[in-house]
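Visitor: Just to be clear, the model below is a prediction. Sequence and coordinates:
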Amino acid sequence: MPTSNDSDNTASLFFWYFPSLNESSTNLVIWLNGGPGCSSLFGSFEENGPLTMSDQGQLIANLNSWHNQANLLYLEQPLGTGFSFNNNPDIGPFTEYQVASQFLSFINGFYAVFPNTQSWDLYITGESYAGTYIPYMATAIIYCNKTLFDGITPLPLKGIGIGNGFMDYNIQTGLPSIQNKFAYLSATNLFDSHPQDKKWVSELRDMCLSTQNASEYHALPYKCDPWSIANTWIQDSRNDFFNTSTCLDLYNIEKTIPCGDSDTFTARNGAITNYLNTLSVRQALHVDPTDPNLLADQPFHVWGQCQDTTITLNRDQSYPSSDSFIPTLITAGLKVLIFNGDRDFMINYIGVEQVLANLTWGGATGFTTPRRDWLVNAVNAGEYWYDRGLTYIRVWDAGHMVSADQPISGSAVLKELLAETPSSTVFVDSAYGWLALNGPLEKSVGFRRKRSMMDFTMRALHFQNQKVHR
């Protein structure tokens, strides 16, 4: 999708649209991954999309896909992410304001291609650095809706959902982040069975928190990096005994991974990368531009999970932090839902909850109502706060990628976002698992098709629960 009508424009954003299996749905949910520069197709294949993939490259139907509930759109942005390309780096984006502007261009272009969706309620969701993107985008939509000329239809934004979000530089980076990560390590009870190690970590924490600047804490052991401390401890305490090379998973501290792997999805990521760069798949998804002038400049844009973008390379420090826009969004009547897996170390719930505790909205600061149990299908699945238009859910036994670790809880988060009224009790389809698919994807789904054969295949597979891999 071109980012402007300028004939000289050589930039385009890639999307993959899945109409809902619920044909009565009038909700359009956009999903964004973070980075910046990480592809939302990772979120589709690894978390909440209709299809996932085995480590060996076999396509699998995800029975807990979010498109069971809503029409689902994955957008690769900012420019330079995934299949989205930008042959003129001078156009950026360099700031979150430009990211939001290009998002507005995209959504208007999407409505032009799919005019039937323009009347549907719009929700923008995502995780990690999308916690920075989304409030900027939503605020831009609200502003534009207020300044439309007569006869122009406002964008139907209804709400936003942010998972494990990076929303505040002042709290989630630097010394405050170190403090939060030490507090998180303490809350995990990681060192409880080794009192001497726990005592040493506590003493190092006190030294780190007494420093005044980066040069001081970099001079201390492990440069005051709680992650390095925890990971080194795991290696020293386990590897000699088990004769293995084991490290903690940064994205889910309850999991261990081979040292050198980025996360538990490393093998699958390779299969997904190979698959998406297969020529027949790219053709089926209409990835490569048909304009020969564009092809001359961009003959083959290789898909990668995370890539450098103009925002990444210029270390975007857009001001203000995105959480400062949340009160405006609530005042405008949007539903705002924040959720966080409690096993995520990188963007841990302690830091996110500190962001919310320091946020002023609706005439008060932080939550003034008590927490409640979050019940999913009558099972306690987390903790729930709702106050003055803001919902926060701490999801139990989930890491950075909530839907990957707890698919049913992930579906419940979406149902809460789409619900007319907030509730700490959610019931969702309890299917848990995946179904292997036969046949190549390129014969069953297309980038611009309003109804794909895959959707009808998924609808049939959905009810064959006796074949679910449990």
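Guide: Great, that's in hand.
Visitor: Show me what the helix or strand in which S411 is found is in contact with.
Guide: With elements taken from DSSP states H and E, the one containing S411 is helix 407-418. Applying Cβ atoms under 8 Å, 6 or more residues apart in numbering, the contact partners of helix 407-418 are 27, 29, 47-48, 62-64, 66, 68-70, 123, 125, 159, 161, 163, 335, 337, 339, 376-377, 381-382, 391, 393, 395-396, 398, 402-404, 422-423, 426, 428-430, 432. In this view, the C-beta of every residue, glycine as well, is placed from N, C-alpha and C.
Visitor: among those residues, which ones are buried?
Guide: By neighbour count, with 16 or more other Cβ atoms under 10 Å, these hold 27, 29, 47-48, 62-64, 66, 68-70, 123, 125, 159, 161, 163, 335, 337, 339, 376, 381-382, 391, 393, 395-396, 398, 402-404, 422-423, 426, 428 as buried.
Visitor: Pull out the buried residues from stretch 49-58.
Guide: Within stretch 49-58, the residues that count as buried by 16+ other Cβ under 10 Å are 49-53.
Visitor: And the residues you listed, which is closest to S193?
Guide: Lowest distance from S193 to the buried residues of stretch 49-58 (Cβ to Cβ) belongs to T52, with 35.5 Å.
Visitor: Assign the closest one to helix, strand or coil.
Guide: On the three-state scheme (DSSP: H, G, I helix; E, B strand; the rest coil), T52 is labelled strand.
Visitor: So which of the buried ones among the contacts of helix 407-418 are in strands?
Guide: Of these, the ones assigned to strands by DSSP state E are 27, 29, 62, 123, 125, 159, 161, 163, 335, 337, 339, 376, 381-382, 391, 393, 395, 426.
Visitor: who touches the residue most central in space within the chain in this structure?
Guide: What sits nearest the mean C-alpha location of the chain, by Cα atoms, centre = their mean, is E127, with 2.4 Å. E127 makes contacts with 32-34, 43, 162-165, 400-402, as judged by Cβ under 8 Å, 6+ apart.
Visitor: Now it, what are its backbone angles?
Guide: In terms of degrees, to the nearest 10, the main-chain angles of E127 are phi -140, psi 160.
Visitor: who's it bridged to?
Guide: The residues listed as beta-bridge partners of E127 by DSSP bridges are G163.
Visitor: ok, so what distance separates it from F149?
Guide: According to Cβ to Cβ, to the nearest Å, E127 and F149 sit 35 Å apart.
Visitor: just S403 next, same as before
Guide: If you go by Cβ to Cβ, the gap between S403 and F149 works out to 40 Å.
Visitor: Same question for L220.
Guide: Noted for L220: a distance of 59 Å to F149, by Cβ to Cβ.
Visitor: Those two: which is more packed in?
Guide: A direct count of neighbours by other Cβ atoms under 10 Å for L220 and F149 places L220 higher, at 14 against 5.
Visitor: sec struct for V302, please.
Guide: If you use three-state DSSP, then V302 falls in the coil class.
Visitor: And for it, the neighbour number?
Guide: V302 is flanked by 10 other residues according to other Cβ under 10 Å.
Visitor: Check the gap between the residue nearest to it when sequence neighbours are not counted and I160 for me.
Guide: Taking Cβ to Cβ, 6 or more residues apart in numbering, and ignoring the residues beside it in sequence, V302 has N277 as its nearest neighbour in space, at 6.0 Å. Shown here: N277 relative to I160, a distance of 32 Å by Cβ to Cβ.
Visitor: who's more crowded, the two?
Guide: Neighbours around N277 and I160, counted as other Cβ under 10 Å, are more numerous at I160. The numbers are 26 against 16.
Visitor: how close does that one sit to S20?
Guide: Distance of I160 to S20, given as Cβ to Cβ: 19 Å.
Visitor: Okay, and the nearest residue to D197 once chain neighbours are set aside sits in which element?
Guide: Beyond its immediate neighbours in the sequence, the residue positioned closest to D197 (Cβ to Cβ, 6+ apart) is F191, lying 5.0 Å away. Using DSSP H and E, F191 sits within no helix or strand.
Visitor: give me every residue that touches F191.
Guide: With contacts defined as Cβ under 8 Å, 6+ apart, F191 is in contact with 185, 197-198, 201, 233.
Visitor: So, low pLDDT: which residues of the stretch 51-200 of the chain?
Guide: Along the stretch 51-200 of the chain, segments meeting pLDDT under 70 span 150-151.
Visitor: Tell me which stretches of it form strands.
Guide: Assigned strands in the stretch 51-200 of the chain, in chain order: 51-53, 59-62, 71-76, 85-86, 121-127, 157-163 (criterion: DSSP state E, counting those that start in this stretch).
Visitor: could I get those as JSON lines with distance to A214?
Guide: Output for those, formatted as JSON lines (distance: least, Cβ to Cβ, whole Å):
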{"stretch": "strand 51-53", "distance to A214": "40"}
{"stretch": "strand 59-62", "distance to A214": "42"}
{"stretch": "strand 71-76", "distance to A214": "33"}
{"stretch": "strand 85-86", "distance to A214": "33"}
{"stretch": "strand 121-127", "distance to A214": "27"}
{"stretch": "strand 157-163", "distance to A214": "28"}
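Visitor: hang on, isn't D323 packed against F166?
Guide: No - under the contact definition of Cβ atoms under 8 Å, D323 does not touch F166, with a separation of 9.7 Å.
Visitor: Toward the C-terminus, what is the element adjacent to the helix or strand harbouring Y275?
Guide: Secondary structure assigned from DSSP H and E places Y275 in helix 266-276. Counting by DSSP H and E, the next helix or strand C-terminal to helix 266-276 is helix 279-284.
Visitor: what mean pLDDT would you report for that following helix?
Guide: Per-residue confidence for helix 279-284 averages out to 86 on the pLDDT scale.
Visitor: same thing with stretch 364-373?
Guide: The average pLDDT within stretch 364-373 is 96.
Visitor: measure it end to end?
Guide: Taking Cα to Cα, to the nearest Å, the span from the opening residue of stretch 364-373 to its closing residue is 23 Å.
Visitor: If you count neighbours, what's buried in that stretch?
Guide: Neighbour counts over stretch 364-373 (16+ other Cβ under 10 Å) mark F367 as buried.
Visitor: which residues are in contact with that stretch?
Guide: Among residues not part of stretch 364-373, those counted as contacts by Cβ under 8 Å, 6+ apart are 356-359, 380, 382-388, 390, 392, 424.
Visitor: Now do the helices in the stretch 51-200 of the chain.
Guide: Taking DSSP state H, counting those that start in this stretch as the criterion, the stretch 51-200 of the chain contains helices spanning 96-113, 130-146, 169-172, 174-188, 195-209.
Visitor: could these go into TSV alongside distance to P370 and mean neighbour count?
Guide: Formatted as TSV, the entries for the helices of the stretch 51-200 of the chain read as follows, by distance: least, Cβ to Cβ, whole Å; neighbours: other Cβ atoms under 10 Å:
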stretch	distance to P370	mean neighbour count
helix 96-113	34	19
helix 130-146	25	23
helix 169-172	23	18
helix 174-188	19	18
helix 195-209	29	14
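Visitor: That's all I had, so thanks and see you.
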